[in-house]
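> Quick one, structure for this:
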Amino acid sequence: MPEFIRRTSLSFAGISFAALMMFSPLLTSCQEAAVPVPEVEANPHLVTYEGTEGPGVGKHIVFLTGDHEYRSEEVLPAMARILAKKYGFKTSVFFTLDQEGFIQPGSSNIKGLEALQTADLLVMGLRFQDFPEEEMQHIVNYLDRAGPVLGIRTSTHAFAEIEGKFARYNWNYEGEEYLKGFGRQVLGETWAGHYGTNHEQSSLVKPLEAEADHPIMSGVLDMHVQSGGYFADPMPDSRPLAVGVVLNGMTADATPDPEKEQVPVVWTRSYKGTNGQEGRVFTTTHGASEDFLNDGFRRMMINAAFWTAGLEDSISGDMNIDFVGPYNPVTFAFDGYRLGVRPSDMAGWDTPIMDASKPTTKPTTPEN
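A predicted model of the protein is given here:
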């Protein structure tokens, strides 16, 4: 190497080394004084529960709440807690919010549904939703891969007034290729009408004798629900597990309504994704806030989550279905939901679902 180049290289190396030695204490001081980078803000639409032990470890269940009357924003986080705390599932519960970040059932304001990319089960408590297109796309992607679905009550008419490429998911879609939308084509039925007088006639949910050995009915006894009956004639490939006995009153010992035949209120079926895969489905036309207080109905719902997720071998008739933390359901009503509640208010195992001191909106009467 020429002497000039050699001397120049050594000179620059010396300067670089000297500069590093000079500034090293300063750099170290700056690093020690640096403010930590804040974590990404949590999604205000979401509360997550994650257990550590049980057959659900490694399984992710996504819950979508957003009906206007039956208080899925109370039922589903309570269900999610049981599955997480007692059985090890990771459960992600999403809520529709108002512009201030408080829960507003049915607002269609929801974000973060990319969580469905890792979901092993989707549980729905929706009514007449028109989600943003980018959020609806995640639901469609999940259905395209035939992910398992568990739907309660008004989820038979989960979507309405959607325009554009997802219009076929509307409850009243008339195209023959997807007639009556998501409700009929996935859950097995769309909105078909009240069957009895809501808030005046409760129901017994009566398991069919032929289905007594089905895993979902394991240990299930004495199901009495407050929500009024829905008429249903599920898709022919559906498997009814229980029928509804409409009562002339709101107590379990009320007399049956002689004018109401027993129609299916609980069934299973499967549907096909875009590549021909089949996904399991559980549907019940009941599932209001106070229905979940009934031990038999709550046990059926926990069993159904296991079955739909493909874990029927883990179901036993004596599984622990006790609530995790306080459960304070309001009497279901159109509107009638608790005001001033954020999803984060229900974080952890011990916070109330929901705070009983919160006021409610004024109930009104819907048509469906």
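> Only C-alpha atoms from now on, for both contacts and neighbour counts.
Fine.
> shouldn't residue 84 be in contact with residue 90?
Yes. In this structure, residue 84 is within contact of residue 90 by Cα atoms under 8 Å, at 5.8 Å.
> intersection of neighbour lists for these two?
Residues touching both residue 84 and residue 90 (Cα atoms under 8 Å, 6 or more residues apart in numbering): 49-51, 56.
> mind putting those residues in TSV, secondary structure, neighbour count and pLDDT included?
Formatted as TSV, the shared contacts of residue 84 and residue 90 follow (DSSP: H, G, I helix; E, B strand; the rest coil; neighbours: other Cα atoms under 10 Å; pLDDT from 0 to 100):
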residue	secondary structure	neighbour count	pLDDT
49	strand	21	98
50	strand	24	97
51	coil	19	95
56	coil	24	98
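> Looking at the residues you listed, which one is closest to residue 332?
Taking Cα to Cα as the measure, residue 332 lies nearest residue 49 of these, at 24.8 Å.
> Quick check: closest non-adjacent residue to the closest one.
Of all residues not flanking residue 49 in the chain, residue 91 sits nearest, at 5.2 Å (Cα to Cα, 6 or more residues apart in numbering).
> The one helix or strand the one you found maps to: what's the following helix or strand?
Residue 91 is part of strand 90-94 when elements are defined by DSSP states H and E. Using DSSP H and E, the next helix or strand after strand 90-94 towards the C-terminus is strand 121-126.
> Which helix or strand lies directly C-terminal to that next one?
The helix or strand immediately downstream of strand 121-126 is helix 133-144, counting by DSSP H and E.
> Next, the angle from that following helix to strand 121-126.
What separates the directions of helix 133-144 and strand 121-126 is an angle of 130 degrees, with axes from the mean of the first three to the mean of the last three Cα atoms, to 10 degrees.
> If you count neighbours, what's buried in helix 133-144?
Buried residues in helix 133-144, counted by 16 or more other Cα atoms under 10 Å: 135-139, 141-144.
> what sits up against whichever helix or strand comes after it?
Per DSSP H and E, helix 133-144 leads on to strand 149-152 as the next helix or strand towards the C-terminus. Contacts of strand 149-152 with the rest of the structure, by Cα under 8 Å, 6+ apart, involve 121-125, 187, 279-287, 304-305, 308.
> Mind checking which of those residues land in helices?
In helices, judged by DSSP state H, the following of the contacts of strand 149-152 are found: 304-305, 308.
> For those, pick the one with the most neighbours.
Highest neighbour count within those, by other Cα atoms under 10 Å: residue 305, with 27 neighbours.
> Need the three-state assignment for the nearest residue in space to residue 237 that is not next to it in sequence.
If you skip the residues right next to it in sequence, residue 237 has residue 269 as its closest partner in space, 6.5 Å away by Cα to Cα, 6+ apart. Recorded secondary structure, residue 269: strand (DSSP: H, G, I helix; E, B strand; the rest coil).
> Do I have it right that residue 269 meets residue 238?
Yes. At 4.7 Å, residue 269 and residue 238 qualify as touching, with contact defined as Cα under 8 Å.
> Settle it for me: which of those two has more neighbours?
Ranked by neighbour count (other Cα under 10 Å), residue 269 and residue 238 place residue 269 first, with 22 against 19.
> So in terms of bridging, what pairs with that one?
Assessed by DSSP bridges, residue 269 has beta-bridge partners residue 281.
> Show me the strands in this structure, by range?
46-50, 60-66, 90-94, 121-126, 149-152, 194-195, 203-207, 223-225, 229-230, 239-246, 263-272, 278-284 (DSSP state E).
> Would you mind confirming that residue 343 makes contact with residue 103?
Yes. Applying Cα under 8 Å as the test, residue 343 and residue 103 come out as touching, 7.0 Å apart.
> Pull up the overlap in contacts between these two.
Joint contacts of residue 343 and residue 103 (Cα under 8 Å, 6+ apart) are residue 95.
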